[in-house]
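Participant: The sequence isn't on hand, but the structure is:
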């Protein structure tokens, strides 16, 4: 087990990294003034904050599940420059270093279909885009699929059809409507707000519970309820869902898994002296 892995009952949870990228800091924190959020996360010379692409591999007795697939490297050079993409190895190579081939993945769960969450869904082979994981079912909410394939002026830049249309054409797309159990102990739940069809993943084994948050709470710096990204299409829905989820997290001692935090990946949220305190695993803070 490495520093980016943790046991949860019978399950092994491992971060599969697709490197890092940078987004505008003001956009990541919405109406919160920079003087406040900049204490939590620094910016570069272009006011961008560093974010990680922490995808999650879940090894279970029933099969192997991958949650989100990063950005990949199909993007144009200008796009890579804007987002200051930084990776040492490819996503598939990261997976192989954990001892897995693409053929070993049984399910891919996309929290949503923005380019930084499903870019690794497909690869180019012999000039043609094909699914990266040939034996996997790709699980997406019906609402998310509808919005991704019929985007508008506000959302179309985030949805790149090259990342998801090939999985439909191959017959590997599995659309679900609402909460759905993928395998025993792995369930997707709707956490609308960032998009209408956003889903998070609850993982449970032997009485232990974790949640992969996706963009509901992208980093540990977004734990505070008002810290909502301008990318969130329905910010008030995010506020209500964060309240609901974090109340459960504290009460039932769930492990939090942050998809975009460059420092904190796994953490617990505890209540101390009337305040919610984040406790990271692996001495990450």
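Facilitator: The structure has been received and is ready for your questions. In this text, all values refer to a predicted model and were calculated from it rather than measured experimentally.
Participant: count of neighbours near residue 44?
Facilitator: Neighbour count for residue 44, taken as other C-beta atoms under 10 Å: 11. The way it works is simple: take the backbone N, C-alpha and C, and place the C-beta from them, glycine included.
Participant: Now do it against residue 204, distance only.
Facilitator: From residue 44 across to residue 204, the span is 39 Å (C-beta to C-beta, to the nearest Å).
Participant: next one: residue 245
Facilitator: 15 Å.
Participant: cool, and residue 273?
Facilitator: In terms of C-beta to C-beta, residue 273 sits 29 Å off from residue 204.
Participant: which non-adjacent residue is nearest residue 196?
Facilitator: Once flanking residues are discounted, residue 196 sits nearest to residue 143: 5.0 Å by C-beta to C-beta, 6 or more residues apart in numbering.
Participant: mind checking the SS state of the one you found?
Facilitator: Look at residue 143: counting by DSSP: H, G, I helix; E, B strand; the rest coil, its state is helix.
Participant: doesn't residue 178 make contact with it?
Facilitator: No. Counting by C-beta atoms under 8 Å, residue 143 sits too far from residue 178 to count as a contact (9.2 Å).
Participant: what about those two, which has more around it?
Facilitator: The neighbour comparison of residue 143 against residue 178 (other C-beta under 10 Å) goes to residue 143, with 20 against 11.
Participant: list the contacts for the more buried one?
Facilitator: With contacts defined as C-beta atoms under 8 Å, 6 or more residues apart in numbering, residue 143 is in contact with 177, 192, 196, 197.
Participant: Quick check on residue 273 and residue 204: which one has the bigger neighbour count.
Facilitator: More crowded of residue 273 and residue 204, by other C-beta under 10 Å: residue 204, with 18 against 5.
Participant: Which strand residues bridge that one?
Facilitator: Beta-bridge partners for residue 204, by DSSP bridges, are residue 209.
Participant: That one and residue 185 touch, don't they?
Facilitator: Yes. Look at residue 204 against residue 185 with C-beta under 8 Å: they come within range, at 4.9 Å.
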